[in-house]
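S.K.: Structure of the sequence below:
(chains A and B)
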Number of protein chains: 2
Amino acid sequence: MSTPLLEQLVEALRVLPGVGAKTAQRMALHLLERQREGGRRLSRVLAEAMDRIGNCAQCRSFSETEVCPTCRSTQRDRSLLCVVETPADQQAIETATGFRGLYFVLLGRLSPLDGLGPRELGLDLLEKRLSGGEVAELIVATNPTVEGEATAHWLAQLAQRHGVRATRLAHGVPLGGELEYLDRGTLAHAFGQRLSLHANGAP
Amino acid sequence: MSTPLLEQLVEALRVLPGVGAKTAQRMALHLLERQREGGRRLSRVLAEAMDRIGNCAQCRSFSETEVCPTCRSTQRDRSLLCVVETPADQQAIETATGFRGLYFVLLGRLSPLDGLGPRELGLDLLEKRLSGGEVAELIVATNPTVEGEATAHWLAQLAQRHGVRATRLAHGVPLGGELEYLDRGTLAHAFGQRLSLHANGAP
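M.R.: Have a look, this model is predicted:
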């Protein structure tokens, strides 16, 4: 590459997830050839987003304001609190389900080896919420990984200490999936947790 | 998405080639969660590149300076001039071949319907180069598309008018390809243009 600035741009684009050297070069040339204005706009928005988007003081999700619009909303059921690992997980639940309660975002999972303990996950903040008496059900929606399960266990104990009912997402065969291709762990779990089937179709 | 700035960032990222709504969201969340510094750096380099990278006055490729380092180089054979459509094509030839001549970048191909004529492709600049007497061979490396072929034809006539030898890249079966999966046009061309095979392996 004959211009150092272009080389720097290719290198800088590799910070994006799933973008390697080849894709980064294609992106850089595309912007220079056809999308200068779009590139300038991306630069502006990016700088602003990196500097101005912080975390909500109540739920720790991304927010430009001290408290995010979801936490401020008067349309939300404050007795339901759903705990997720990341804002992306929150977004997925918000899009897929009709959930109208509030969220609490851990921004990680319990992982002592990575230096992520209860303090880093803001569990003191969560504990204060639970002791406030407003929350009736804590919906634990951590990922079904080893660390996510450990976090879920921790959260269940926390809820119990404050007399709050804890629930977690159902595990089992994904809708539209085929048993033949399902991993053994999930299939064994779904088999063990089988539900009674009624003639009218309802469980 | 609960913050407008995050929505704007997702929208702005879609200017990148091959990035849809889902990928853009993943990229935005990744930057916010784990790569704030990388995001800031990308923003800075992007702004600088969009503003400072222009086109070389001699070869029209991307350059931060009036004349690009390749055109300024004293190590290059000035009697060979390779014409390509885009800087990406130039980069591909530079990486794959040992070519040590100079380039001329059209930044497009003859396409009257898109308003791309000889003037837009800088062919007046190219003509001046050819009439200078320094160029002995014009290597036409436009893409083997209908428009690329039309451009190649135009370039061949231009070279002829100035008494410069014009050559083009060989077409045929790609190395490592399988005849069974080759498109019919390429196979018919390669069959028609077959070369004599010598016992010592040289053509």
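
S.K.: continuing past the lengthiest strand in chain A, what's the next helix or strand?
M.R.: Longest strand in chain A, counting residues (DSSP state E): strand A:77-84. The C-terminal neighbour of strand A:77-84 among helices and strands, as given by DSSP states H and E, is helix A:87-96.

S.K.: Using PDB, write out every CA atom in that following helix.
M.R.: The C-alpha coordinates for helix A:87-96 follow below in PDB (Å, rounded to 0.1, in the frame of the first residue of the first chain):
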ATOM      1  CA  PRO A  87     -26.600  -5.000  26.500                       C
ATOM      2  CA  ALA A  88     -26.700  -7.200  23.500                       C
ATOM      3  CA  ASP A  89     -28.600  -9.900  25.500                       C
ATOM      4  CA  GLN A  90     -30.900  -7.200  26.800                       C
ATOM      5  CA  GLN A  91     -31.500  -6.100  23.200                       C
ATOM      6  CA  ALA A  92     -32.300  -9.700  22.100                       C
ATOM      7  CA  ILE A  93     -34.900 -10.100  24.900                       C
ATOM      8  CA  GLU A  94     -36.400  -6.700  24.200                       C
ATOM      9  CA  THR A  95     -36.800  -7.600  20.500                       C
ATOM     10  CA  ALA A  96     -38.000 -11.200  20.900                       C
END
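
S.K.: Centre of the chain to it, how far?
M.R.: 7 Å (Cα atoms, centre = their mean, to the nearest Å).

S.K.: how big is the angle separating that helix from strand A:77-84?
M.R.: 130 degrees (axes from the mean of the first three to the mean of the last three Cα atoms, to 10 degrees).

S.K.: Tell me the helix or strand right after helix A:87-96.
M.R.: Where DSSP H and E defines the elements, the next helix or strand beyond helix A:87-96 is strand A:101-105.

S.K.: What mean pLDDT does that following strand get?
M.R.: For strand A:101-105, the mean pLDDT works out to 95.

S.K.: So what touches it?
M.R.: Here strand A:101-105 makes contact (Cβ atoms under 8 Å, 6 or more residues apart in numbering or on different chains) with A:55, A:59-61, A:70-71, A:76-87, A:89-90, A:93, A:122, A:125-126, A:129, A:139. Heads up, the C-betas are built off the backbone N, CA and C, glycines and all.

S.K.: that older thread, so what strands line up beside the longest strand of chain A?
M.R.: Counting by DSSP bridges, the strands paired with strand A:77-84 are strand A:101-105 (parallel), strand A:137-140 (parallel).

S.K.: Looking at these, spot the one closest to A:Pro4.
M.R.: A:Pro4 sits nearest to strand A:101-105 of all the strands paired with strand A:77-84, at 40.2 Å, using Cβ to Cβ.

S.K.: which is the next helix or strand following that closest one?
M.R.: helix A:123-131.

S.K.: Can you point out the helix or strand that includes A:Ala24?
M.R.: A:Ala24 belongs to helix A:21-34, assigned by DSSP H and E.

S.K.: tell me what that helix is packed against?
M.R.: Using 3 or more Cβ pairs under 8 Å, 6 or more residues apart in numbering or on different chains; DSSP states H and E, the elements in contact with helix A:21-34 are helix A:4-13, helix A:36-52, helix B:36-52, helix B:87-96.

S.K.: quick one, the first one and helix B:87-96 angle?
M.R.: If I follow you right, that is helix A:4-13. Going by the same axes, to 10 degrees, helix A:4-13 makes 90 degrees with helix B:87-96.

S.K.: So what's the gap between helix A:4-13 and the chain middle?
M.R.: 31 Å.

S.K.: Counting by contacts, list what it packs against.
M.R.: helix A:21-34, helix B:36-52.

S.K.: In the first one, which residues are buried?
M.R.: Residues of helix A:21-34 classed as buried by neighbour count (16 or more other Cβ atoms under 10 Å in any protein chain shown): A:Thr23, A:Ala24, A:Gln25, A:Arg26, A:Met27, A:Ala28, A:Leu29, A:His30, A:Leu31, A:Leu32.

S.K.: burial count for the closest residue to the first one other than its chain neighbours?
M.R.: Taking Cβ to Cβ, 6 or more residues apart in numbering or on different chains as the measure, A:Thr23 lies nearest to B:Gly18, with 7.5 Å between them; neighbours along the chain are not counted. By the measure other Cβ atoms under 10 Å in any protein chain shown, the count of residues near B:Gly18 is 10.

S.K.: Please read off the pLDDT at B:Gly18 from the model.
M.R.: So B:Gly18 comes in at 91 (pLDDT).

S.K.: Over to A:Asp77?
M.R.: pLDDT at A:Asp77 comes out at 95.

S.K.: Now do the residue nearest to it when sequence neighbours are not counted against A:Ser73, distance only.
M.R.: Nearest residue to A:Asp77 in three dimensions, chain neighbours excluded: A:Gly101, at 4.7 Å (Cβ to Cβ, 6+ apart). A:Gly101 sits 11 Å away from A:Ser73, going by Cβ to Cβ, to the nearest Å.

S.K.: Counting neighbours, go ahead and name the busier of those two.
M.R.: Each of A:Gly101 and A:Ser73 has its neighbours counted (other Cβ under 10 Å); A:Gly101 has more, 16 against 12.

S.K.: distance of the more buried one from A:Asn143?
M.R.: 20 Å.

S.K.: go on, A:Gln160?
M.R.: Distance, A:Gln160 to A:Asn143, by Cβ to Cβ: 22 Å.
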